[in-house]
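Colleague: Okay, structure incoming, though there's no sequence with it:
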């Protein structure tokens, strides 16, 4: 009950503030909807037409699945295929990480005095919900699907943030910066509630994203990070080849 109260009233408070702000500054109610539509398009357009990306990244992770900082070769392809070959400083393979269908596997080759390992998991990796892993490496910003957006509540807060709450009890709040003439997302605060089920209590997942250095053409962030109470991942692209 406590989580439900917090979740619903957070959006309600934003709605009240936005209503007061726009009520004082505008007499055209359709303008509010237009602003929310515009910001939604700007929040979700990065990498919109990108189908495949290959390149190299510098990755830092701090979670139960992985910890440390290391270079990796990345191949990611829409809709749901991600492979990262983690290497050491001399280029030798340390691990191969695969993500498909919200499941991951980590293959660690054998070394002197150490057998090969094959680790599998699902749901999250490094604190990132795996349903977003492919999109993040493709250069897309986590957004509700177009179908869910049609059913969601959206508003623009007095400080210019886009706030979305979905029927599935997901909460998105985007802040924006400028990239030339374009507004681009700088951060995203995400919350989702899971309902209680047999043997499991209700819980809330919170993830904070930061996005930097957007590419001129795709507006995809070349540097991003995701933090939650389950872990943290930071990614910086060193080179990146995009296919549409």
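Modeller: Received it, and whenever you're ready, just let me know what you need. It should be emphasised that the depicted structure is a prediction, and the values quoted were computed from it without experimental measurement. Numbers count the residues shown, from 1 in each chain.
Colleague: Once you drop chain neighbours, what's closest to the most centrally placed residue in the chain?
Modeller: Residue closest to the mean C-alpha point of the chain, counted by C-alpha atoms, centre = their mean, is residue 142 at 4.1 Å. Once flanking residues are discounted, residue 142 sits nearest to residue 132: 4.8 Å by C-beta to C-beta, 6 or more residues apart in numbering. C-betas here are computed from N, CA, C, even on glycine.
Colleague: For the one you found, give me the backbone phi and psi.
Modeller: phi -100, psi -10 (degrees, to the nearest 10).
Colleague: care to break this protein down by domain?
Modeller: The chain breaks down into these domains under automatic domain parsing: 2-48+141-237, 52-136.
Colleague: Just put those in a markdown table and tack on distance to residue 243 and mean pLDDT.
Modeller: Listed next are the domains of the chain as a markdown table, based on distance: least, C-beta to C-beta, whole Å; pLDDT from 0 to 100:
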| stretch | distance to residue 243 | mean pLDDT |
| --- | --- | --- |
| domain 2-48+141-237 | 11 | 80 |
| domain 52-136 | 4 | 90 |
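Colleague: returning to what we had before: return the backbone torsion pair for the residue nearest to the centre of the chain.
Modeller: Taking degrees, to the nearest 10 as the convention, residue 142 sits at phi -60, psi 130.
Colleague: Tell me the spacing between it and residue 62.
Modeller: Distance of residue 142 to residue 62, given as C-beta to C-beta, to the nearest Å: 20 Å.
Colleague: What is the burial count for the closest residue to residue 153 other than its chain neighbours?
Modeller: Of all residues not flanking residue 153 in the chain, residue 165 sits nearest, at 4.8 Å (C-beta to C-beta, 6+ apart). Number of residues near residue 165 (other C-beta atoms under 10 Å) recorded here: 23.
Colleague: Report back the residue of the chain that's furthest from centre.
Modeller: Relative to the centre of the chain, the most outlying C-alpha is that of residue 113, 38.2 Å out, by C-alpha atoms, centre = their mean.
Colleague: What is the three-state secondary structure of the nearest residue to residue 156 once chain neighbours are set aside?
Modeller: Nearest residue to residue 156 in three dimensions, chain neighbours excluded: residue 35, at 4.9 Å (C-beta to C-beta, 6+ apart). Following DSSP: H, G, I helix; E, B strand; the rest coil, residue 35 is assigned to helix.
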